[in-house]
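J.: Take this sequence and fold it.
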Amino acid sequence: MIDMDVVDLSRLQFALTALYHFLFVPLTLGLSFMLAIMETVYVMSGRPIWRKMTKFWGVLFGINFALGVSTGITMEFQFGTNWAYYSHYVGDIFGAPLAIEGLMAFFLEATFVGLFFFGWDRMSKVAHLVVTYLVAIGTNLSALWILIANGWMQNPTGATFNPDTMRMEVSDFAAVLFNPVAQAKFVHTVSAGYCTAAMFVLSISAIYMLKGRYRDFAKRSMTVAASFGLAAALSVVVLGDESGYETTEHQKMKLAAMEAMWETQPAPASFTAFAIPDMVTRENKLAVEIPYVFGLIGTRSFSTEVPGITDLVKSTEERIRSGMIGLAALKAFQADSSNSAARVLLASHQADLGYGMLLNAVSKDPINATNEEVEKAAWMTVPDVPVLFWSFRIMVAVGFALIAIFAFAFWRACRRKLDTRRFLTIAAWALPLPWIAAEAGWLVAEYGRQPWVVEGVLPTFMAVSHLTTTDIWLTMGGFVVVYSVLAVIEVFLMVRAIKKGPDNVEDPNDLMPEPYERQPGRALPAE
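T.: Below you'll find the predicted structure:
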């Protein structure tokens, strides 16, 4: 039987390190392209203020980049330390994108980051601009390969189980690369990163404006952030809809849990705007539903049903029974590798082998599990509905709030009226919103996949290493201490760089207006 304490602690440790790491990733993704936009304007116009903008935001990018790299590397080591059987079972597929990411994207990114910071006075304007774009491309390519690996965990295509090696192996690498779930996750994730960077620039610039500092610098930065952020925020909605549609196709249980849809509704299904899902009674309390909306979003038709949780559990029971046959055939094949009948039977039930593995958590003899054990294993495939339901709604609500903020900022920028105190205050306080949405989105994506570490292929509880709870508590405590120190360093460096302002990153002889000093009796307009 599986030691579930080890499983739960391993999941908790990986969740802590992953969520912490993703505090840095979206800002890196978006800020790299914003630097390229600012430097492009500098090269085209020759105005030093745009060079100053590129260098100042580049310093903040560099601090964030360093923390992102240091926390990301430890995550990859955990696949070997805490998830050894996962690495053995699917490493042939999962390891390839990670290796390509390190060779193609990370080295490209890291190399040109150095040239970006130290090449300003050693390269021509155009050459340095090319370097900045290569940094941005490398950063986003890095995300692409990581999300190809993650997308395969959500939709394991292009791979088959080899009973001779007892591992999943690549059968079609092109299918892994062009996995529709991975592609949808990539464009949605990078767009969210662009939103994060735009809000970061908008908020810090708004703080400068409120304090009456670097007004010309702040106005230009806010203009870039407003236009870039609005385009990104609108893209997030469109691309998020595509990601949701892929979930309808490939992860029906996750989708049903996100909507707390316990029973299958007539097509098109209603969208539940508000509810209190109850995992015990398996019903929603105080539900407020909007007719047709969810069916149209989820299936893009008026006639296609979205199956509810109860019906999905029933179909899962059938797959578990098929997996039991597959496990029996696998056992016979292991006993006699020349048993061709066992190989043929295994091949016909191979797709459900992972479902049969679920029984390892509830039965001492999975091949001969009882009906009650099969039913219990089937209900294990239902993730925590209230967590997914509310995480998804938080993400969506914040997303629409960001659209409103960027749209208003863009409108004010077009009218050259970015200096109203009320708007600047809202922009400053909106700084954490993109991170809230991003973390909620990853909670939906990863927690919603449970109990699978690879959807339908390998249960999470079977993927862990042979560790003790003491081992995990010690390492998790170490991560908490080290990451807390890194968080303090990150905040300290960021705040210090922001307080020093853009004048600190440029030669003092460069053309730049003096910091704005508010005259007695003069204040920012309220409206």
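
J.: quick one: the strands in the stretch 151-300 of the chain?
T.: Ranges of strands in the stretch 151-300 of the chain, per DSSP state E, counting those that start in this stretch, are 159-162, 167-170, 271-278, 283-290.

J.: what about the stretch 1-150 of the chain, any weak spots by pLDDT?
T.: Applying pLDDT under 70 to the stretch 1-150 of the chain flags the ranges 1-2.

J.: tell me the centre residue of this structure?
T.: Trp442 (4.6 Å; CA atoms, centre = their mean).

J.: Is it correct that that residue is in contact with Leu19?
T.: Yes - using CB atoms under 8 Å, Trp442 is in contact with Leu19, at 6.8 Å. All C-beta atoms are positioned from the backbone trio N, CA, C, and that covers glycine.

J.: can I get the strands of the stretch 151-300 of the chain in CSV with mean neighbour count?
T.: CSV is the format used below for the strands of the stretch 151-300 of the chain (neighbours: other CB atoms under 10 Å):
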stretch, mean neighbour count
strand 159-162, 17
strand 167-170, 16
strand 271-278, 16
strand 283-290, 13
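
J.: And the ones you listed: which comes nearest Met34?
T.: Between Met34 and the strands of the stretch 151-300 of the chain, the shortest gap by CB to CB is with strand 271-278, which sits at 34.4 Å.

J.: Give me the mean pLDDT for that closest one.
T.: For strand 271-278, mean pLDDT is 90.

J.: That one pairs with which strands?
T.: Strand pairing for strand 271-278, using DSSP bridges, gives strand 283-290 (antiparallel).

J.: what pLDDT, on average, does the partner strand get?
T.: Here strand 283-290 scores 89 as its mean pLDDT.

J.: hmm, who's touching that strand?
T.: Strand 283-290 is contacted by residues Ala260, Trp262, Ser270, Phe271, Thr272, Ala273, Phe274, Ala275, Ile276, Pro277, Asp278 when judged by CB atoms under 8 Å, 6 or more residues apart in numbering.

J.: how close does the second one sit to Tyr245?
T.: As for Trp262, its distance to Tyr245 is 22 Å (criterion: CB to CB, to the nearest Å).

J.: More neighbours: which of these two?
T.: Neighbour count, other CB atoms under 10 Å: between Trp262 and Tyr245, Trp262 has more, with 20 against 17.

J.: What confidence value was assigned to the more buried one?
T.: With respect to pLDDT, Trp262 has a value of 92.

J.: distance of it from Pro277?
T.: As for Trp262, its distance to Pro277 is 8 Å (criterion: CB to CB).

J.: circling back to that earlier point, what's the closest of the contacts of strand 283-290 to Pro163?
T.: Trp262 (37.9 Å).

J.: The closest one and Arg282 touch, don't they?
T.: Yes - Trp262 is in contact with Arg282 according to CB under 8 Å; the separation is 5.2 Å.

J.: joint contacts of the two?
T.: Common neighbours of Trp262 and Arg282, using CB under 8 Å, 6+ apart, are Ile309, Thr310.

J.: where along the stretch 1-150 of the chain do the helices fall?
T.: Assigned by DSSP state H, counting those that start in this stretch, the stretch 1-150 of the chain shows helices spanning 4-21, 25-45, 48-81, 84-100, 107-118, 125-154.

J.: returning to what we had before: out of the strands of the stretch 151-300 of the chain, flag the one nearest Leu98.
T.: With respect to Leu98, and counting by CB to CB, the nearest of the strands of the stretch 151-300 of the chain is strand 167-170 at 13.6 Å.

J.: and that closest one, what other elements does it pack with?
T.: Helices and strands touching strand 167-170, by 3 or more CB pairs under 8 Å, 6 or more residues apart in numbering; DSSP states H and E, are helix 84-100, strand 159-162.

J.: To Met395, which of those lies closest?
T.: Comparing those against Met395 with CB to CB, the closest turns out to be helix 84-100 (25.2 Å).

J.: so what's the nearest residue to Met153 once chain neighbours are set aside bridging to?
T.: Leaving aside its sequence neighbours, Met153 sits nearest to Val454 (CB to CB, 6 or more residues apart in numbering; 5.1 Å). Counting by DSSP bridges, Val454 forms beta bridges with Leu458.

J.: Surely Val454 touches Val90?
T.: Yes - contact criterion CB under 8 Å: Val454 and Val90 qualify, at 5.8 Å.

J.: Pull the contacting residues for Leu418.
T.: Contacts of Leu418 by CB under 8 Å, 6+ apart are Met209, Lys219, Met222, Thr223, Ala409, Arg412, Leu424.

J.: Excluding residues flanking it in the chain, which one is nearest the third one?
T.: The spatially closest residue to Met222, leaving aside those adjacent along the chain, is Ser205, at 4.5 Å (CB to CB, 6+ apart).

J.: In contact with the one you found: list those residues for me.
T.: For Ser205, the contacting residues are Phe217, Ala218, Lys219, Ser221, Met222, Ala225, Ala427, by CB under 8 Å, 6+ apart.

J.: Which residues does the strand or helix carrying the residue nearest to the centre of the chain contact?
T.: Trp442 is part of helix 433-442 when elements are defined by DSSP states H and E. Helix 433-442 has contacts (CB under 8 Å, 6+ apart) with 18-19, 22-23, 26, 192-193, 195-196, 199-200, 391-392, 394-395, 398-399, 401-402, 405.

J.: The residue nearest to Met279 when sequence neighbours are not counted: neighbouring residues, count only.
T.: Distances taken as CB to CB, 6+ apart place Val385 nearest to Met279, at 5.9 Å, with adjacent residues excluded. Residues contacting Val385 under the criterion other CB under 10 Å number 23.

J.: now the one 5 residues further on
T.: Around Trp390 there are 19 other residues, counting by other CB under 10 Å.

J.: Next secondary structure element downstream of the helix or strand where it lies?
T.: Trp390 is part of helix 385-414, with elements assigned from DSSP H and E. Where DSSP H and E defines the elements, the next helix or strand beyond helix 385-414 is helix 421-429.

J.: still on that earlier bit, which one, of the helices of the stretch 1-150 of the chain, ends up nearest to Glu446?
T.: Nearest of the helices of the stretch 1-150 of the chain (CB to CB): helix 4-21, 7.4 Å.

J.: intersection of neighbour lists for Val454 and Val90?
T.: By CB under 8 Å, 6+ apart, Val454 and Val90 have these common neighbours: Pro156, Met168.
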